[in-house]
Structures are given as C-alpha cells and as structure tokens.
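>>> sharing a model prediction with you, sequence too.
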Amino acid sequence: MRRSKPLFGLYFFVIGFCTCLVMIALARSLGDSDRKETKLSKATTFYKLGQCPDCKVISTRHWKVGKLKDNNDLHLESGKRMGIKPFASNAEMEKELPGLLRRRKLKALDEKAGSYRLKNLTHSQPYLVPKAVDLLEEIGERFHGKLKEMNLPAYYLMVSSALRTNESQQGLGKRNINATQNESSHIYGTSFDISYKEFLPKHEKPAPEGFCRHDMMRHPLAEVLTEMSKEGRCLVIREVKQACFHITVLE
Ligand SMILES: [Zn+2]
Ligand SMILES: [Zn+2]
C-alpha cells in the first residue's frame, strides 16, 4: 500500500507528459494548415483597381502599338479565301461539324493545351480553321513571352467569340448594330475575338466587381498583334463596343 502512492504519481506524470506531446503535435499541425491557407489565399489574391502590382509593372513600360484598324473588307476577303463555306443555320453546322473536323477543315479550340480560356460563347462555337487555331496559340505564346521578359506571371487570354453561323450572326445583329452594318468574317471560321478588358490569372478565378481584371495586359497583347500584323500573319481591328481585338488569319 505504501508503494502504490509514488507509482500513482508516476502514472500521472506519464499521462500528463503524453497529453502534452499530443497537444503540441496538434498545435503544430493546426499551425501548418493555417500557413497553407494563407498561401492559398495569396495565390488567389484580388487587387483593388489601381493596386495590382503586375498591372503597375506593365504601365511603367512604353509599348509599341500600331493602329490595329485593318479594313473589314480585308478580313472578309481573307475569310473567303482561307475559310469554310458559311453555315446557314446552327442545325446545319451540327450536322456538318463531325465531317469537317474529321477532314481537318475545322479544329476545336482546346483550352487545356493553350494559353487562352474561352468566355461564355453565346453566339459562336469553339471551332476555327486549323491555321487560325495556330495563330491564336502563337499570339498566346508570344504574349506570355513578353510577360516573362518582365518577370511577370502568365495570364490567360480570354477568347470572346469564334465560329459563327449565319443564324447566330443574325441573332447577334438584334442587339449589336455593328454586326448588322458589316458582314462578319466569323462565319468563315478564320476569325476570333480576344477581350482587351479582361485577362485571367493562372488561378482562373475571375475578379469580382471593383477589382483588377488586369486590362493593362492589353498593351503587351496589342504589341504582339502589331508585330504579327507587320509580319503579314493576321489582320486586326480594335473593336471599341465589344472591348475586344477582332483577329483574322491571313496566311
Ligand atoms: Zn492587374
Ligand atoms: Zn470579331
């Protein structure tokens, strides 16, 4: 009986010690998950307008940008020369699409492989003639190259329109005066639109209202388009109403 007391004390000591170890381990693991969370939230940081560090870097440099106002008739001419026979209706497109893809007259835009993401395409389909897909990919690569030169992270281009049918083009005309005034080269699958108001960071979460959507990125993009126009690779129109560059493949 006399010896059981110190033994009792020893048990207490061991249990207390183990509890302490468990508590310390728990606290450390909680600390770790805290750190992970801040890292995650840092990767998806949204900046208030005018406070985005990447856009600030862009704004400090002089960009060599041309007028980017090629006549729409030239876009149409290139579309007729290099594109597909326009689809009268969406139903016709759905019927003929598999064959055109099989014969490599059209190619699907593959966001996963590219430097771009598709916006919600309400009046167009994510297909273009293969040379226009190549052009879009090269624009993206050269755009990323310019960002890399300045040690900036990559941003995705946002494609806001691609292949249209005559039917979807007319549907657009109801809301959009520009589309009815001019015939559009989108029906030939040779043209696509890239937004100049919105660029998507690698985390792919669009910024909420009032936060930077990285429109400063339009400058390096416009410089790429200026260079590629001079090289005779594409035609470009800066569309003010749709806030996009309308681009047609030229060769
Ligand atoms: Zn920004
Ligand atoms: Zn367009």
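Yes, it's here. Numbering: from 1, shown residues only. Ligands and ions are numbered 1, 2, ... in the order given.

>>> let me know the average pLDDT across the one helix or strand Gln169 maps to.
Per DSSP states H and E, Gln169 falls inside helix 166-175. The predicted model gives helix 166-175 an average pLDDT of 76.

>>> so what touches that helix?
Under the criterion CB atoms under 8 Å, 6 or more residues apart in numbering, residues 86-90, 123-124, 164, 179-180, 184, 186-187 lie in contact with helix 166-175. C-beta coordinates here come from the backbone N, C-alpha and C atoms, glycine included.

>>> quick one: distance of the helix or strand containing Asp134 to the chain centre.
Asp134 belongs to helix 130-149 when assigned by DSSP H and E. In terms of CA atoms, centre = their mean, to the nearest Å, the gap separating the centre of helix 130-149 from the centre of its chain is 12 Å.

>>> stretch 191-208 too?
A distance of 4 Å separates the C-alpha centroid of stretch 191-208 from that of its chain, computed with CA atoms, centre = their mean.

>>> likewise stretch 109-118?
Once both centres are worked out by CA atoms, centre = their mean, stretch 109-118 turns out to sit 7 Å from its chain's centre.

>>> list the contacts for Leu152?
Under the criterion of CB under 8 Å, 6+ apart, the contact list for Leu152 reads 54, 57-58.

>>> repeat that with 7 Å
When contacts are counted by CB atoms under 7 Å, 6 or more residues apart in numbering, Leu152 touches 54, 57.

>>> where does it land in three-state SS?
Three states are possible here, and by DSSP: H, G, I helix; E, B strand; the rest coil the one that applies to Leu152 is coil.

>>> need the per-residue pLDDT for it.
As predicted, Leu152 sits at a pLDDT of 97.

>>> look up phi and psi at it.
When quoted as degrees, to the nearest 10, the phi and psi of Leu152 stand at phi -100, psi 150.

>>> quick one: it from Ala91, how far?
Leu152 sits 45 Å away from Ala91, going by CB to CB, to the nearest Å.

>>> tally of neighbours for the nearest residue to Val129 once chain neighbours are set aside?
Residue nearest to Val129 in three dimensions, not counting chain neighbours: Gly189, with 4.8 Å by CB to CB, 6 or more residues apart in numbering. Other residues within reach of Gly189 by the criterion other CB atoms under 10 Å amount to 31.

>>> wouldn't Gly189 be in contact with Met82 here?
No: taking CB atoms under 7 Å as the definition, Gly189 is not a contact partner of Met82, at 8.8 Å.

>>> who touches both of these two?
Taking CB under 7 Å, 6+ apart as the contact rule, the neighbours common to Gly189 and Met82 are Val129.

>>> re the thing from before, in terms of secondary structure, what does the helix holding Asp134 contact?
Using 3 or more CB pairs under 7 Å, 6 or more residues apart in numbering; DSSP states H and E as the contact criterion, the elements in contact with helix 130-149 are strand 155-161, helix 218-230, strand 244-249.

>>> among these, which comes closest to ligand 2?
strand 244-249 (3.4 Å; CB to the ion).

>>> can you tell me the closest non-neighbouring residue to Asp70?
Asp70 sits nearest to Leu235 (CB to CB, 6+ apart), 4.1 Å away.

>>> pLDDT weak spots in the stretch 51-200 of the chain?
For the stretch 51-200 of the chain, applying pLDDT under 70 flags the ranges 173-182.

>>> contact partners for Lys64?
Under the contact definition (CB under 7 Å, 6+ apart), the residues listed for Lys64 are 223, 226.
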